[in-house]
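Trainee: need a structure here:
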Amino acid sequence: MKKLMFNLVWLFLIVYSLQVNGGELGPLTYEIADGQVTITDCNGAAKGELEIPAEIEGAPVTSIEQEAFSGCSFLTSITIPEGVTSIGFRAFYACRSLTSIIIPEGVTSIERAAFYACRSLTSIIIPEGVTSIGSSAFGGCSSLTSITIPEGVTSIGFRAFSDCISLTSIIIPEGVTSIGFRAFSDCRSLTSIIIPEGVTSIGEQAFYNCRSLTSIIIPEGVTRIETFAFTGSSLTSIIIPESVTSIEREAFSGCKSLTSIIIPEGVTSIGFRAFRWCWSLTSIIIPEGVTSIEREAFSGCSSLTSIIIPESVTSIWSSAFLGCSSLTSIIIPEGVTSIGLSAFSGCSSLTSIEVAFSPFYVSIEGVLIRRR
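Mentor: Okay, the predicted model is just below:
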C-alpha cells in the first residue's frame, strides 16, 4: 500500500512538472501553466520604470499573482500588458515610489489591497472592463488626486479609497449599487461627490472625517444613513431622501458647518448622537413618524434656537438636547412617556417648557415636572 501511494505521489509530481514550469526574466519571476504566464514575484531591488512583457517563452502573460510586486519601493512606473486579466491581492502593495501605472482593458477586477499604500501614485485610470474594486484597493494612496471609475463598476469595497488625503473629487458611475464600509473615510481634501441613483447602500463610516466635504447628493434608493456615515465632514446642508427610514448613531456627529437639514417623513428613529456637535445647526424639523429621540441626539448643538417635537414621539432619552445653549423654548407633546436624565441640561437660554396634556408630565410656570 505504501509503495502504491509513493508511486501515485511521484506520478503527480511528474505530471505537474510537465504542466507547470517557470523561471526568471530580469527582476521578474514567472510561472507557466496551461500555456499562460503568471508573474509571481519581482526583485525588491528593482527600480525606475518596468515594463512587463506581453509574452514570455512564447506564452501570453495573463495574470499578476498576489503580492508579486509587494514592497518594490524603488519602482516608479509599471506597464502591464494588454493580455493581463487579473491583478491579485496586494499585487502592488506599498510600492511607495510608484507614480503611474497603466491597467489594461482586459482586467475585470482589482483585488483587495492591490495598490494599498502606493503613496506616490497621483492618478490612475481604471479600464472599462472592471466591474468591482476590492476592499482597500487604493487605500492609503495619499498622493492620489483624481481617479476615474468606469461605468461597469457595480460595487466599491470597504476602505477602497480610505486615507486618500489628496483626492479632491470623484464621480461614481451609474452602475454602482453599494458603497462599502469606510470606502472614502479620511479623504480630507474631497470637496464634493455625486452618488448615483442606483445606490441603495452607503456603508458605515463611508465618508467619515472627510473634512472638506461641503456637499453631497444622496439618492432616493438609500434607506438608512449608517453609523458615522458623515461624521466630521464640512457639509453645510443636506437633503435626506424620502426613502430613508432611519438615521443611525453619530451619522452627522461633528458636522460643525451644517446649518440646516430636512428629515423626511419616513424616518422613524434618530440614533444616538446622530447630530451631536452640529454647532451651526439653527433649526430642525423632526417628522411625525419619529417615535424616540435617542441619547445625545442633538447634544452640543449650541446654535439651535427652536425645535418641534412631533406628536409621535414617546421618549426623549438622556442628554438628548444637552448643551443646546441657544434653545429658548420647547413643546413636549402629550405622547411622551419618558424624559431621560439631563435631557435639557445646559440649555441656558431655555426660559420655558410647554407640555401638551399628558398623564406623565406637567409644566408649571415653565418648569417641567413629572406627575406622580
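
Trainee: poorly predicted segments of the protein, please.
Mentor: 1-20, 356-372 (pLDDT under 70).

Trainee: now with 50, please.
Mentor: Low-confidence segments of the chain, defined by pLDDT under 50: 2, 4, 6, 8-19.

Trainee: tell me where it has helices.
Mentor: For the chain, the helices defined by DSSP state H occupy 2-19.

Trainee: the spatially closest residue to Arg112 that is not a sequence neighbour: how many residues sit nearby?
Mentor: Nearest residue to Arg112, sequence neighbours excluded (Cβ to Cβ, 6 or more residues apart in numbering): Gly134, at 4.2 Å. C-beta: built from backbone N, CA, C; applies to glycine. Gly134 has 22 neighbours, counted by other Cβ atoms under 10 Å.

Trainee: my guess is Gly134 contacts Ala160. True?
Mentor: Yes: using Cβ atoms under 8 Å, Gly134 is in contact with Ala160, at 7.2 Å.

Trainee: does Cys164 touch Cys187 like I think?
Mentor: Yes: the criterion here is Cβ under 8 Å, and Cys164 meets it with Cys187 at 5.2 Å.

Trainee: which residue is the nearest non-sequential neighbour of Glu250?
Mentor: Once flanking residues are discounted, Glu250 sits nearest to Arg273: 4.6 Å by Cβ to Cβ, 6+ apart.

Trainee: what about that neighbour, neighbour count?
Mentor: Neighbours of Arg273 (other Cβ under 10 Å): 24.

Trainee: where's it relative to Cys301, distance?
Mentor: The gap separating Arg273 from Cys301 is 11 Å, by Cβ to Cβ, to the nearest Å.

Trainee: try Tyr93
Mentor: Tyr93 sits at a distance of 43 Å from Cys301 (criterion: Cβ to Cβ).

Trainee: out of the two, which sits in the busier spot?
Mentor: When Tyr93 and Cys301 are compared for neighbours, Cys301 comes out ahead with 26 against 22, by other Cβ under 10 Å.

Trainee: could you check how far that one is from Gly44?
Mentor: Distance check for Cys301 against Gly44: by Cβ to Cβ, it reads 53 Å.

Trainee: how about Ser123?
Mentor: Distance of Ser123 to Gly44, given as Cβ to Cβ: 25 Å.
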